[in-house]
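Asks: the sequence and its predicted three-dimensional model are supplied below.
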Amino acid sequence: MKIIAIIGSPHGIHGNTGSLLEEVLDGVEAAGAETEVISLKTLNVQPCVACDACHKTGVCNIKDDYEKIKDKLLACDGFILASPNYIFSVSAQMKALFDRCNGLIHCMALEGKYAALVETSGGGGDEEVLAYMGRFVNTVGAKYVGGVGSPMAGTRVFPDEENLFESARNLGRELYTSIAKKRKFPEQDAFISDFKARMTGLVDYMQEQWVFEREFWAKRKSKK
Ligand SMILES: Cc1cc2nc3c(=O)[nH]c(=O)nc-3n(C[C@H](O)[C@H](O)[C@H](O)COP(=O)(O)O)c2cc1C
């Protein structure tokens, strides 16, 4: 089982978010999965330019590291998204990646995969950012098994650290088990099903132009 962790902090794995992510990864690895950390800090992921190339061809026109990350997302069994709280949302690095995933979103191409969410803040608002990342996970068709977030109490220090780290390791184990047992998350089904109706309707409407996405959905429907 392969799980990738994408971290959007400018401190990479060495900051507060990285510290909490390391605990989740400990849980995942203890359960038996292979992991890989992708630090957006060390990569070049430019903002989306809304050229629609992904919808037409399935490939982004911008020549940077996005396609490599996309291939890893498509190949993994599960993924972890880890971001600091920047103004009640994710960091710009993570948001740029989310926007570049627009083609994956239109195809809900990560259907069948599972994700876990990690966030840290200066002073709170953690649930809001976790919920936002969870919404992203559902738009790419995947399910989130849960999230862990906390304000910091210093560099790589957290209030109630023992319990927080235990929750983080449990989240890692939960991600592994959810993948292994194909766990169902019915509370996410309504959103995913509404969103799928929206995406298939949109691709249908744009069918003369968005050839790649039209063919993607046609192939998926013919397999079912
Ligand atoms: C640009 C910027 C915006 C931030 N916005 C918030 C915020 O809205 N709320 C908050 O509680 N902390 C905010 N913080 C603090 C970070 O979320 C917090 O320090 C986090 O733990 C940093 O994680 P890192 O070490 O992994 O980068 C902000 C920090 C920066 C640099």
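Replies: In hand now; what should we look at?
Asks: only C-alpha atoms from now on, for both contacts and neighbour counts.
Replies: Will do.
Asks: what residues does this protein put near the ligand?
Replies: 9-11, 15-18, 84-88, 120-124, 152 (C-alpha under 6 Å from any ligand atom).
Asks: and the residues you listed, which are buried?
Replies: 9-11, 15-18, 84-85, 88, 120-121, 152 (16 or more other C-alpha atoms under 10 Å).
Asks: and those as CSV, adding distance to residue 48, pLDDT and secondary structure?
Replies: Shown next, in CSV, are those (distance: C-alpha to C-alpha, whole Å; pLDDT from 0 to 100; DSSP: H, G, I helix; E, B strand; the rest coil):
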residue, distance to residue 48, pLDDT, secondary structure
9, 19, 98, coil
10, 19, 98, coil
11, 23, 98, coil
15, 26, 98, coil
16, 27, 98, helix
17, 25, 98, helix
18, 26, 98, helix
84, 21, 98, strand
85, 21, 98, coil
88, 21, 97, coil
120, 25, 98, strand
121, 26, 98, strand
152, 31, 97, coil
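Asks: include distance to residue 178 when you put the residues you listed into CSV, please.
Replies: As requested, these are exported to CSV (distance: C-alpha to C-alpha, whole Å):
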residue, distance to residue 178
9, 26
10, 30
11, 30
15, 28
16, 26
17, 23
18, 23
84, 25
85, 26
88, 28
120, 24
121, 27
152, 29
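Asks: and for the lowest-mean-pLDDT helix or strand in the chain, what's in contact with it?
Replies: Within the chain, confidence by mean pLDDT, DSSP states H and E is lowest for helix 211-223 among all helices and strands, at a mean of 93. Residues from elsewhere that reach helix 211-223 (C-alpha atoms under 8 Å, 6 or more residues apart in numbering): 54-58, 103, 106-107, 200, 203-204, 207.
Asks: ok, which pair from these is furthest apart?
Replies: 57 and 200 (16.9 Å; C-alpha to C-alpha).
Asks: so what's residue 85 closest to, chain neighbours aside?
Replies: residue 121 (4.9 Å; C-alpha to C-alpha, 6 or more residues apart in numbering).
Asks: so what's that neighbour up against?
Replies: By C-alpha under 8 Å, 6+ apart, the contact set of residue 121 is 84-86, 149-152.
Asks: so which strand or helix has residue 82?
Replies: Remark: residue 82 resides in strand 78-84, with elements defined by DSSP states H and E.
Asks: could I get the pLDDT score of residue 224?
Replies: Confidence at residue 224, expressed as pLDDT, is 72.
Asks: now the lengthiest helix in the chain against strand 78-84, angle please.
Replies: If you go by DSSP state H, the chain has its longest helix at helix 161-181. In terms of direction (axes from the mean of the first three to the mean of the last three C-alpha atoms, to 10 degrees), helix 161-181 departs from strand 78-84 by 150 degrees.
Asks: all set, thanks.
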